[in-house]
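*Asks:* The following comprises the amino acid sequence and a computationally predicted model.
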Amino acid sequence: MGNCFGFEKPSATPTVNGSTSSGLFTSKTNSSTTTNTTNSDARFSRSIGSSVGQDSITGEVDPNGTILETPNLRIFTFAELKNATKNFKPDTILGEGGFGRVFKGWVDEKTLNPAKSGCGMVVAVKKLNPESMQGLEEWQSEVNFLGRLSHPNLVRLLGYCWEDKELLLVYEFMAKGSLENHLFRRGVFQPLSWNFRLRILIGAARGLAFLHTSEKQVIYRDFKASNILLDSNYNAKISDFGLAKNGPTGGDSHVTTRVMGTYGYAAPEYVATGHLYVKSDVYGFGVVLLEMMTGQRALDTSRPSGQHNLVDWAKPFLSDRRRLVRIMDARLEGQFPSKAAFQAGQLTSRCLASDPKGRPSMKEVAETLEQIEAIKGGKSSSKDAATAAAKPLPSPYSAAASAAASNAPRHQARGQAPPPGTPPQHRSPLHPRHDAARQAHPLPPRLR
């Protein structure tokens, strides 16, 4: 949802007495509860208005990930979420799009009941636009998948509300925003260091690997920088499961579906045929890996002719150690081991292979990135060692960051709203918005 494009038209309202593609849903109308039991894979077992404690929903996550037999979600009333978000006041808006808006809210850490503003636990509340057919289907997909999937590198869905025409989702709050912001919102966000870029990539790779290797394979289908969110410690978590699909079964190598996703990230075989493979996600990961190395967007028509598509332009540089340095993000200022960069380039090239069979598994990708992270030497080794020794959590920013921050406008440095007339910045849901002027990059065109 939010940043996902294209949809297969669902029914005008969620089905409660007939078949739905997303399994069992519970709808509240006044005090009555109606359930639909069409799919044993997605079952809502809790009654409306039940209080689910922190131990069951907001407690520690198994580091290896788990798939729950039934969704472990708090069912909120609409009145509760109104209270949690100060009646959906404009100053609590975190993001918005065709699906609706995302609001910042506060709930009690133990009971998840609404709390006063500034008290308790911060959450992100996604409120669906009732007129959004795309949002309706993706709302169902979010509940179906995130309600049962639990992993340290997946954003946690805490609960939902379905009351009359109101459809809402409640997530954990991701304090550091999206990877997209940190990579491309220059002048607002300081450039991430090489080590932190690898750390974020490893977390995202582990999340995808969990989806792919779980008992029932899940194909994420829209992997991109804006869907990777960062918590207060810069741990990466995959968000937005609106386009996720169950993987192939019965020995099939792929599933066939209508093409939906984002140009520049979607795998070529999927765009051309509608055949969706588990390794179609690996291609998208390769694009994000390339963005992390170069600091450039996957698609940008403001670049010189021949460089609009990042993969087409940069791929020939990846296998040549000497040429690779020419496309590395200048904001890194060369502060990375050359051997590590070359191995990252080789991994990127494998992920971007035209034939899905030639791409590595996400498990292999995660393991390779961990090996690359362990490489020391080059220009960054002594500096990184000193930083790590001085602080338990090193600065995520590169050497150029402090100078850039000191020269930034005061409203940017303090995270305040910009002066009147400043162009609004694109905002991604589930995390803080940053209203300072963004660099002029057009949004990627949509697959339709």
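*Replies:* Received it, and whenever you're ready, just let me know what you need.
*Asks:* pretty sure Ala225 contacts Leu183?
*Replies:* Yes: assessed by CB atoms under 8 Å, Ala225 is found in contact with Leu183 at 5.9 Å. All C-beta spots, glycine's among them, are computed from the backbone N, C-alpha and C.
*Asks:* so what sits against both of those two?
*Replies:* The overlap between the contact sets of Ala225 and Leu183 (CB atoms under 8 Å, 6 or more residues apart in numbering) consists of Glu291.
*Asks:* which residues of the stretch 1-150 of the chain fall in helices?
*Replies:* Using DSSP state H, counting those that start in this stretch, the helices of the stretch 1-150 of the chain run over residues 54-57, 78-84, 133-146.
*Asks:* Go through the second one and flag the buried ones.
*Replies:* Meaning helix 78-84. The neighbour-count check on helix 78-84 (16 or more other CB atoms under 10 Å) flags 78, 80-84 as buried.
*Asks:* remind me which residues of the stretch 51-200 of the chain are low pLDDT?
*Replies:* Confidence mapping of the stretch 51-200 of the chain against pLDDT under 70 gives the ranges 51-60, 69, 98, 133-135.
*Asks:* can you give me the strands in it?
*Replies:* Listed in chain order, the strands of the stretch 51-200 of the chain (DSSP state E, counting those that start in this stretch) span 66-67, 74-75, 93-97, 100-107, 121-128, 149-150, 157-163, 166-172.
*Asks:* between the ones you listed, which one is nearest to Arg199?
*Replies:* Of all the strands of the stretch 51-200 of the chain, strand 166-172 sits nearest to Arg199, with 19.3 Å by CB to CB.
*Asks:* angle of that closest one against helix 133-146?
*Replies:* Between strand 166-172 and helix 133-146, the angle comes out at 40 degrees (axes from the mean of the first three to the mean of the last three CA atoms, to 10 degrees).
*Asks:* where does the stretch 251-400 of the chain dip in pLDDT?
*Replies:* 251, 377-400.
*Asks:* let's see 80
*Replies:* Scanning the stretch 251-400 of the chain for pLDDT under 80 picks out 251-252, 377-400.
*Asks:* Of the strands of the stretch 51-200 of the chain, give the one that comes closest to Arg258.
*Replies:* Nearest to Arg258, of all the strands of the stretch 51-200 of the chain, is strand 93-97, at 20.2 Å by CB to CB.
*Asks:* list the helices and strands the closest one packs on?
*Replies:* strand 100-107 (3 or more CB pairs under 8 Å, 6 or more residues apart in numbering; DSSP states H and E).
*Asks:* helices or strands next to the strand it packs on in the packing?
*Replies:* Applying 3+ CB pairs under 8 Å, 6+ apart, we find strand 100-107 packed against helix 78-84, strand 93-97, strand 121-128.
*Asks:* quick one: the second one to strand 121-128, angle?
*Replies:* Orientation check (the same axes, to 10 degrees): strand 93-97 against strand 121-128 gives 30 degrees.
*Asks:* Give me the distance between the two termini of stretch 136-156.
*Replies:* One end of stretch 136-156 sits 19 Å from the other (CA to CA, to the nearest Å).
*Asks:* So what's the residue count around Ser132?
*Replies:* When neighbours are defined as other CB atoms under 10 Å, Ser132 has 18 of them.
*Asks:* do Asp108 as well
*Replies:* 16.
*Asks:* so how far is Phe196 from it?
*Replies:* Distance, Asp108 to Phe196, by CB to CB, to the nearest Å: 33 Å.
*Asks:* do Asp222 as well
*Replies:* 24 Å.
*Asks:* ok, those two, which is more surrounded?
*Replies:* Shown here are Asp222 and Phe196; by other CB under 10 Å, Asp222 has more neighbours (24 against 18).
*Asks:* for the protein, what's the longest helix?
*Replies:* Secondary structure of the chain per DSSP state H: the longest helix is helix 194-213.
*Asks:* If you count contacts, what does it end up packed against?
*Replies:* strand 218-219, strand 228-230, strand 236-238, helix 280-294, helix 338-351, helix 362-373.
*Asks:* Turn these into CSV, columns for mean neighbour count and distance to Leu68.
*Replies:* Output for those, formatted as CSV (neighbours: other CB atoms under 10 Å; distance: least, CB to CB, whole Å):
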stretch, mean neighbour count, distance to Leu68
strand 218-219, 23, 14
strand 228-230, 26, 22
strand 236-238, 23, 17
helix 280-294, 25, 22
helix 338-351, 20, 30
helix 362-373, 19, 21
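*Asks:* Just put these in JSON lines and tack on distance to Gln190.
*Replies:* Listed next are the helices and strands packed on helix 194-213 as JSON lines, based on distance: least, CB to CB, whole Å:
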{"stretch": "strand 218-219", "distance to Gln190": "34"}
{"stretch": "strand 228-230", "distance to Gln190": "13"}
{"stretch": "strand 236-238", "distance to Gln190": "17"}
{"stretch": "helix 280-294", "distance to Gln190": "15"}
{"stretch": "helix 338-351", "distance to Gln190": "20"}
{"stretch": "helix 362-373", "distance to Gln190": "21"}
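*Asks:* mind listing what's buried in the longest helix of the chain?
*Replies:* Using 16+ other CB under 10 Å as the test for burial, helix 194-213 gives 194-212.
*Asks:* Alpha carbons only: can I get that helix in PDB?
*Replies:* Only the C-alpha atoms of helix 194-213 are listed here, as PDB (Å, rounded to 0.1, in the frame of the first residue of the first chain):
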ATOM      1  CA  TRP A 194      29.600   2.300   4.100                       C
ATOM      2  CA  ASN A 195      29.300   0.200   7.200                       C
ATOM      3  CA  PHE A 196      25.800   1.300   7.900                       C
ATOM      4  CA  ARG A 197      24.800   0.800   4.300                       C
ATOM      5  CA  LEU A 198      26.000  -2.800   4.600                       C
ATOM      6  CA  ARG A 199      24.200  -3.200   7.900                       C
ATOM      7  CA  ILE A 200      20.900  -2.100   6.400                       C
ATOM      8  CA  LEU A 201      21.300  -4.300   3.400                       C
ATOM      9  CA  ILE A 202      22.000  -7.300   5.600                       C
ATOM     10  CA  GLY A 203      18.900  -6.700   7.600                       C
ATOM     11  CA  ALA A 204      16.700  -6.400   4.500                       C
ATOM     12  CA  ALA A 205      18.300  -9.500   3.000                       C
ATOM     13  CA  ARG A 206      17.500 -11.500   6.100                       C
ATOM     14  CA  GLY A 207      13.900 -10.400   6.000                       C
ATOM     15  CA  LEU A 208      13.500 -11.400   2.300                       C
ATOM     16  CA  ALA A 209      15.400 -14.700   3.000                       C
ATOM     17  CA  PHE A 210      12.900 -15.500   5.800                       C
ATOM     18  CA  LEU A 211       9.900 -14.900   3.400                       C
ATOM     19  CA  HIS A 212      11.500 -17.100   0.700                       C
ATOM     20  CA  THR A 213      12.500 -20.000   2.900                       C
END
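*Asks:* the inter-axis angle of that helix versus helix 362-373?
*Replies:* Using the same axes, to 10 degrees, helix 194-213 lies at 160 degrees relative to helix 362-373.
*Asks:* Helix 194-213 relative to helix 280-294, how many degrees between them?
*Replies:* In terms of direction (the same axes, to 10 degrees), helix 194-213 departs from helix 280-294 by 180 degrees.
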